[in-house]
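Novice: whatever this is, show me its structure:
(one chain, ligands or ions: 2)
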Amino acid sequence: MITVRAPATSANLGSGFDVFGVALDRPADIIRVERAERTTIEITGVGSQYIPTDPEKNTVGAVVDALDAPARIEIDKGVRPASGLGSSAASAAGAAVALNELYDRGLSRTDLVPIAAEGEAVVSGTAHADNVAPSILGGFTIATADGVESVDTEIPLVACLPEIAVSTRDARRVVPETASMEDLVETVGNAATLSVGMCQADPDLVGRGMADPLVTPARAELITGYDAVREAALDAGATGVTVSGAGPSMLAVCRGPDRRDVATAMLDAFAAHDVEARAYQTQISDGATIL
Ligand SMILES: Nc1ncnc2c1ncn2[C@@H]1O[C@H](COP(=O)(O)OP(=O)(O)OP(=O)(O)O)[C@@H](O)[C@H]1O
Ligand SMILES: N[C@@H](CCO)C(=O)O
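Specialist: Ligands and ions are numbered 1, 2, ... in the order given. Okay, the predicted model is just below:
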């Protein structure tokens, strides 16, 4: 049996829609695989009742097919589904790493990224790699049609998950189909600033570079209390706040000493809107680990 811990991730980071992602040091999914004639999936853990065990409908099923690696698969969910924390991707990423090892396929971590991304197509309709890339490779990742780059870096984060359900499929429907040249220029500048900030492990630059006039405003409307939570986090010292992935989680970048205050401020602001939430005081981390 092979066991893999695959971390939660936060995609987009505002200015990098469908491109940027980071691995979080918690929460994580645990994936166990052993060879079998026919693929079966058992799921335990947070939100497991909402996740299909049919391999045709679970993200790990597409990975099994791509690697031609039938297995008995146990998924212990640490990452709540429809959270904006890469729940569907964590399972796909963990399965890709585990099945590659189990069947001795010899693929590199980079090779596994497009394979795990096939799982994302099962749930959201597109094989976007911005969650599976950081869950497999760790760090800050830039996933484009031409491949994936990753940067090891250290940035303190707060990921705040409200008890609101937003599916990636629904959140993709509100993404504008066109953009003005003015907004594109602003976004390119912000994305470049963010990338430099990641390379320099500078929370100020990363926070500034997360600003996004294109996708985030439409998605923020799906999150009750978004503006108040964002303001509260900034007042408590966050250097930038945005929607995590497709939401409903919100991601705040901060300096290490401010992380606890930022988490408390975000929770209090959600509570003021009668929304229960939990906050992960976290940081950018390594990718999937074989235990
Ligand atoms: N192994 C899996 N783990 C989690 N969700 C899964 C899995 N397989 C299928 N799903 C389905 O995927 C959907 C959750 O994926 P979705 O992309 O909406 O959320 P997310 O991965 O938490 O968000 P994001 O990609 O924005 O970070 C749910 O409908 C769930 O049933
Ligand atoms: N880039 C994806 C991430 C969520 O799966 C989106 O925002 O729709």
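Novice: drop to CA atoms for contacts and neighbour counts, all remaining ones
Specialist: Fine.
Novice: for the residue lying farthest from the centre of the chain, give its distance to Arg208.
Specialist: Taking Cα atoms, centre = their mean, the residue of the chain most remote from its mean C-alpha position is Glu37, at 31.9 Å. Distance, Glu37 to Arg208, using Cα to Cα, to the nearest Å: 51 Å.
Novice: am I right that Thr9 sits in a helix?
Specialist: No - Thr9 is assigned strand when assessed by DSSP: H, G, I helix; E, B strand; the rest coil, not a helix.
Novice: quick one: residues in contact with stretch 134-153.
Specialist: Stretch 134-153 is contacted from outside by 6-9, 18-23, 89-90, 93-94, 97, 109-110, 112-113, 129-130, 133, 198-201, 284-288, using Cα atoms under 8 Å, 6 or more residues apart in numbering.
Novice: show me what the strand or helix carrying Ala92 is packed up against.
Specialist: Assigned by DSSP states H and E, Ala92 belongs to helix 87-102. On a contact count with 3 or more Cα pairs under 8 Å, 6 or more residues apart in numbering; DSSP states H and E, helix 87-102 meets strand 2-11, strand 20-35, helix 59-67, helix 109-124, helix 132-137.
Novice: now do the first one: distance to the chain's middle.
Specialist: The one in question is strand 2-11. Per Cα atoms, centre = their mean, to the nearest Å, the displacement of strand 2-11 from the mean C-alpha position of its chain is 10 Å.
Novice: the third one now?
Specialist: When C-alpha coordinates are averaged (Cα atoms, centre = their mean), helix 59-67 and its chain have centres 19 Å apart.
Novice: adjacent strands (with direction) for the following helix or strand past it?
Specialist: Counting by DSSP H and E, the next helix or strand C-terminal to helix 59-67 is strand 71-77. Take DSSP bridges as the rule and strand 71-77 pairs in its sheet with strand 20-35 (antiparallel), strand 40-45 (parallel).
Novice: Thr168: what's it in contact with?
Specialist: Residues in contact with Thr168 (Cα under 8 Å, 6+ apart) are 82, 84, 123-124, 246-247.
Novice: if we can go back for a sec, winner for burial among the helices and strands packed on helix 87-102?
Specialist: helix 132-137 (a mean of 35; mean count of other Cα atoms under 10 Å).
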